[in-house]
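A.B. asks: I'll drop the sequence and a predicted model, then ask my questions.
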Amino acid sequence: MDRMGQREGVWICTYDEFKSLCCVLREMIMQVGTAVAAQENKDDKRVMIYIYLTGSEFFMHIESIVGSFRKLKTDIASERRAYERIWNERDKNLDLVISNTAQMYGSIKGIAGAAIATVQSLELPSSGTTAE
């Protein structure tokens, strides 16, 4: 043989090629070992997973997770209702403050007349639009 090769299942090489061939064969042996180890007990693991998935422990874990999500959903809904109530109260209070401010401005404007500066946000629009 002119170069390294295999004949009848035996690797043949020169002394110069020996180290390289050893590295290649070592790597191949390690890959085969990894593949064999991955396949070991594969059926046993499959049976164990099936038993776990069909057993009560898995069922209890799923029930616990779903229960936690339901509790979170309930808590969020409760918080939403509470905050909406609080926001509605604040909105009503804000409307009351604006209304009282407008009434006070109107009273002062009625007494002072043109001597008091005009607050545009409390005046009617003067763009010639008509009320509907």
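C.D. replies: Perfect, thanks for sending it. All values derive from a computational prediction rather than experimental measurement.

A.B. asks: Now tell me what touches stretch 25-32 from outside.
C.D. replies: residue 11 (Cβ atoms under 8 Å, 6 or more residues apart in numbering). C-betas here are computed from N, CA, C, even on glycine.

A.B. asks: ok, now stretch 44-54?
C.D. replies: residue 58.

A.B. asks: where does the helix or strand residue 112 falls within sit relative to the chain's centre, distance-wise?
C.D. replies: Using DSSP states H and E, the element containing residue 112 is helix 56-112. Computed by Cα atoms, centre = their mean, to the nearest Å, the chain-centroid distance of helix 56-112 equals 25 Å.

A.B. asks: Let me know the average pLDDT across that helix.
C.D. replies: For helix 56-112, mean pLDDT is 94.

A.B. asks: What is that helix packed up against?
C.D. replies: Contact partners of helix 56-112 among helices and strands, from 3 or more Cβ pairs under 8 Å, 6 or more residues apart in numbering; DSSP states H and E: none.

A.B. asks: ok, residue 13 - how many residues close by?
C.D. replies: 16 (other Cβ atoms under 10 Å).

A.B. asks: Which residue lies closest in space to it, excluding its sequence neighbours?
C.D. replies: residue 4 (3.8 Å; Cβ to Cβ, 6 or more residues apart in numbering).

A.B. asks: May I have the phi/psi pair for that neighbour?
C.D. replies: phi -60, psi 140 (degrees, to the nearest 10).

A.B. asks: so it makes contact with residue 15?
C.D. replies: No - shown here, residue 4 and residue 15 do not form a contact pair, counting by Cβ atoms under 8 Å, at 11.0 Å.
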